[in-house]
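Novice: 3D, please:
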Amino acid sequence: MLRLEILPEYPSEYRIKQAVQTLRDGNLIIYPTDTVYGLGCDLTNKRGVERIYQLKGNDKRKLLSFICPDLKEIAQYARVSNPAYKIMKRLTPGPYTFILEASRIVPKILLEKRKTVGIRVPDHPICERLLRELGKPIISTSATLAGQSYMNDIDDIADIFENNVEVLIDSGPGGLEPSSVIDLTTDIPQVLRAGKGDVSMFE
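Specialist: You can find the predicted model right below:
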């Protein structure tokens, strides 16, 4: 595993490019977000997605989310109603995952008898730089294995994934609270998980 120290305040362009090349090569990275550290790959790389399912111990009926840089890109991968757009505009970037109806360009490996996707726009400069450089969404699932609690110590995360992930971006201690998950597929938003993002507006 290659460990890249990248400061959120001053992201190294060279190291961002190293991480993105890893994604382009179909490999996995661990990266910081505005919630917990994420485990990811290029959304369109089937082999990478398969590896994440295997690592996480997830069957393909469980939802894998992905991150986008902005609402404009979300609209390519999901059908967004006007009410949903207004909610997302208010809450992005931020610690929220939105469940939306998938568009046709979402890879079928992410759907598996499902028509919805989980998408978020993190409020984190390293996420933004990775996404802009790659030019595609990145899979986003917590950097934990099946049955594990969230970890914020980067050394603990490195120990767990040492032999299974190609690059780890070390940005210091991470968070321990996941994103809030909001289902926007119906007229009335539903809170599926209350996490870091404030959900009181939906109560």
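
Novice: next, Ser140: secondary structure please.
Specialist: strand (DSSP: H, G, I helix; E, B strand; the rest coil).

Novice: in the sheet, who's paired with it?
Specialist: Judged by DSSP bridges, the bridge partners of Ser140 are Ser65.

Novice: what's the burial count for it?
Specialist: 26 (other CB atoms under 10 Å). Using the backbone N, CA and C atoms, a C-beta is placed for each residue, glycine as well.

Novice: wait, it touches Ile67, no?
Specialist: Yes: using CB atoms under 8 Å, Ser140 is in contact with Ile67, at 4.6 Å.

Novice: now list whatever residues contact both of these two.
Specialist: Overlap of the contact sets of Ser140 and Ile67 (by CB atoms under 8 Å, 6 or more residues apart in numbering) consists of Thr33, Gly38, Gly40, Arg120, Pro122.

Novice: what is the longest strand of the protein by residue count?
Specialist: In terms of residue count, the longest strand belonging to the chain (DSSP state E) is strand 96-102.

Novice: and that one, what other elements does it pack with?
Specialist: Using 3 or more CB pairs under 8 Å, 6 or more residues apart in numbering; DSSP states H and E as the contact test, the elements touching strand 96-102 are helix 71-77, strand 78-79, helix 82-91, strand 116-120, strand 180-183.
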